[in-house]
Every structure is written in C-alpha cells, then in structure tokens.
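Chemist: pasting the sequence and the predicted coordinates here, then a few questions.
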Amino acid sequence: MQETFFIEQKPFLNILSSMQPVCTRRTTIETTNYILFKLSPKELVLKTTDLEISLQASYKINHSTYIDQISFMVHGKRIYEIVREMDGQITCSVKDGMIFLNTSSVSLSLNIKDPQEFPVFPERIENLMAFQPKELLDMISKVSFLIPQNNVHQALNGLLLEIDQTGLIMTTTDGHCLAQLKSDLYKLTDKKKWLIPRRAIYELKKIIESTEETQLFIGTCKNNLVFSGENFNFFTKLMVENFPQYESIVNQIGFKTAKIERNHLTKALRRASCLLSGQFIATKLHIKENKMDVSMENKEVGTLHETLEIMNFDGADFEIRFYAPYLLNGLQVFTTEKINFALHSASKPIIFKLTQENIDFVYLVMPVAPSHV
C-alpha cells in the first residue's frame, strides 16, 4: 500500500509563497533553489536558505500513513507554481525519487533530491525576549522606510537594533536624514546591538503582516539573529560594518521647540517639490516668533512663497534651508494633526518628534549648506 499524507492547498501555498524570495534568489550554490521537506507523522517542516537569510516553517499534518520521518528536497519555485494551480485537498506521496501531488482530477509529480545536498541550516536558537507582532511591525515600519538599498557606505544599508536594561532603540539613516524610535516596553539585562540588513527587514515585515501568531520571539543562533513564532523561524545574518555614531547629532541641547499643523506643512513642501523638476534645489524656511515663511525658487520653472503659522516658538528669527523631499519622506510617519519639532540654528538639523504611549520617535533632517542652494 502506498504511503500518503494530505495537505490543504491554501495554507500550504501561503507557506510556499513566503519562501519564494529566499529560494528564488541566485547564489553560488544551486541547491539554495530547493526547499528541504522534513515529514513526520504529525508535521511537515520546510526549510529554505539563500545563505544570507533563512526561513523555516511548519505545517500540521492532519492525516498521514507515514510512520517514519523522511526528508527530501523539492525545487522551490516549481512546487510553488504547481500548488498555486491546484485546489482543495492534495494527496501527496514520495516514491522512487519523485513527489506525487494528486487531487480528484489532477495528477502531478516532481523530481526530488537527496536532502544531504541541502546547505547547512542554522540550529539551536537561544530566545532572548518576546514581542507582540503588531507592536514589532509598527516599530519597524516607523524607521525602515529610510534604509537605503545600495548605499556605498554599507553600514547605512541596515537597521541598527539596540536593546539594554533601559529599553529598545531602532535607528536608520541614509546620510541626509535619520529616523529613530525608542521604547521602554522591551528590555534586556545584557546590552545587545545588531545591524540587520535591509532585505531581511523587509522580508520580516512581510512575514509579520501575514502571520496569525499572537507572540513573536527574538533570539540568536551563532552569527544569525532569529525572529520566531510557533510555526516559523526567520534567520538573518548580521552586518559586520560599524553603524555611524549618531549620539551627537540627535542631542537636542540648546534646541528650541515649536509646533505646526502637519497638513499645512506637508502641502507646502509638496508644492515646493512640484517646482524641483528633478533638480536639487533647497527650500528656505524663515522661522519667526509665530510664523514660518516657506520659499523656493527654480529659475527654470517658477517660485513659491507662503506663510504658515507655528506655535510655542520662543527662539530668535533665523533662516534655514532643506531639500523638501527629505522632509516629506519622514513626515509620512506622523499621523497627528500637529507635529512637534525642534530647531537650533541654520547649521543644525530640524528634528520632528512624536511621543506615544511607551514610544518616542524622532525624524531628523540635515540642512542644505548655502553653497548648494
């Protein structure tokens, strides 16, 4: 009698879909295009790796006639494409170097490979702390937008995660701007610092967005950082570059605070951006007691001048220049009607601030030097 196990197309396809960004990435090893299947009577564990990030997921088997555990490798993209075109319950069996996938009207098979060919996979996770998925996703989303994709300074292409007994800090920068989130919800006795690659951050976001897990864990496994749920483990190698020393730039000693309507500032900056025509031209902000004059001139396109009201500013009048798209990039994170910001002088950054329960977020933009106006 042929041994079989059964899978439901939709949840199984979701697992295979989450693995596609890993198993379809080109590497120096052909077998990274394969998914390792480990079948036991009650569970099917799938593993994939591209040598930089790795993903392990488990699928509960409701019915199987297999008594012993078996392992094999299947081409990741091919099995995903086949399962995507099937429906309902799929009967599976493994025999003579093939995996057979059958429904009431469809019969398909794929070649499988020896599991010994699969690359070394991270093992022995040491969990350090737990997260609520929605909170972790919200924190990552607030800073990840600023991670460059291919900056020549490799350390900028990642998210710096620091955790100690006072709380958690996430920091990203593209060299012009800096986004930083602090939370006292998550703490560790021993200080930890990890620089996580951009690609890993964005793949992790996708997993969290699609997961139904109620709790996630962060841990380590040799030179990997691991994010885990009940049914998955996501591993990423860490960057070894030194992240820029940001402490002095976020220091707000001597800064004067103020408040402005978010919608008014955003629209003014969008209008300024409309006049750029692909050029790097600064927008001038003239800060007064209760006014902000916004002006920009592009000799090839036109000019802009408008006045916005600001609140609670008690500093001296001065002018400062910024590239409008840099300001707009971070203002997308803010959802409150009014935004708090801090200024010091024409050579210091503008710092936008958001305080929520247990979370402090800042978005910092460096000014444009007069020679670049």
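Modeler: Thanks, I have it.
Chemist: use CA for all of it now, contacts and neighbours both
Modeler: OK.
Chemist: burial check on Glu190, number of neighbours?
Modeler: For the record, residue 190 is Asp, not Glu. 8 (other Cα atoms under 10 Å).
Chemist: that one and Glu162 touch, don't they?
Modeler: No - the criterion here is Cα atoms under 8 Å, and Asp190 misses it with Glu162 at 10.7 Å.
Chemist: tell me the bridge partners for Thr171.
Modeler: Beta-bridge pairing of Thr171 under DSSP bridges involves Leu160, Gln180.
Chemist: quick check: it vs Lys205, distance?
Modeler: 16 Å (Cα to Cα, to the nearest Å).
Chemist: same check, this time on Leu275
Modeler: In terms of Cα to Cα, Leu275 sits 34 Å off from Lys205.
Chemist: also Lys191?
Modeler: For Lys191 relative to Lys205 (Cα to Cα), the value is 24 Å.
Chemist: between the two, which has more neighbouring residues?
Modeler: Neighbour comparison, Lys191 and Lys205: the larger count goes to Lys205, with 19 against 13 (by other Cα under 10 Å).
Chemist: show residues contacting the host helix or strand of the more buried one.
Modeler: Assigned by DSSP states H and E, Lys205 belongs to helix 198-210. For helix 198-210, the surrounding residues in contact (Cα atoms under 8 Å, 6 or more residues apart in numbering) are 18, 21, 53, 133-134, 137, 140-141, 144, 147-149, 157-159, 234, 236.
Chemist: what strands flank the longest strand along the chain, and is each parallel or antiparallel?
Modeler: The longest strand of the chain (DSSP state E) is strand 302-311. Sheet pairing here is set by DSSP bridges, and for strand 302-311 it gives strand 256-261 (antiparallel), strand 291-298 (antiparallel).
Chemist: in the last one, what counts as buried?
Modeler: Neighbour counts using 16 or more other Cα atoms under 10 Å place Lys291, Met292, Val294, Ser295, Met296, Glu297, Asn298 of strand 291-298 among the buried residues.
Chemist: what's the answer for the first one, then?
Modeler: By neighbour count, with 16+ other Cα under 10 Å as the criterion, the buried positions of strand 256-261 are Lys256, Thr257, Ala258, Lys259, Ile260, Glu261.
Chemist: include distance to Leu46 when you put the buried residues of strand 291-298 into TSV, please.
Modeler: TSV is the format used below for those (distance: Cα to Cα, whole Å):
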residue	distance to Leu46
Lys291	60
Met292	57
Val294	56
Ser295	57
Met296	56
Glu297	58
Asn298	56
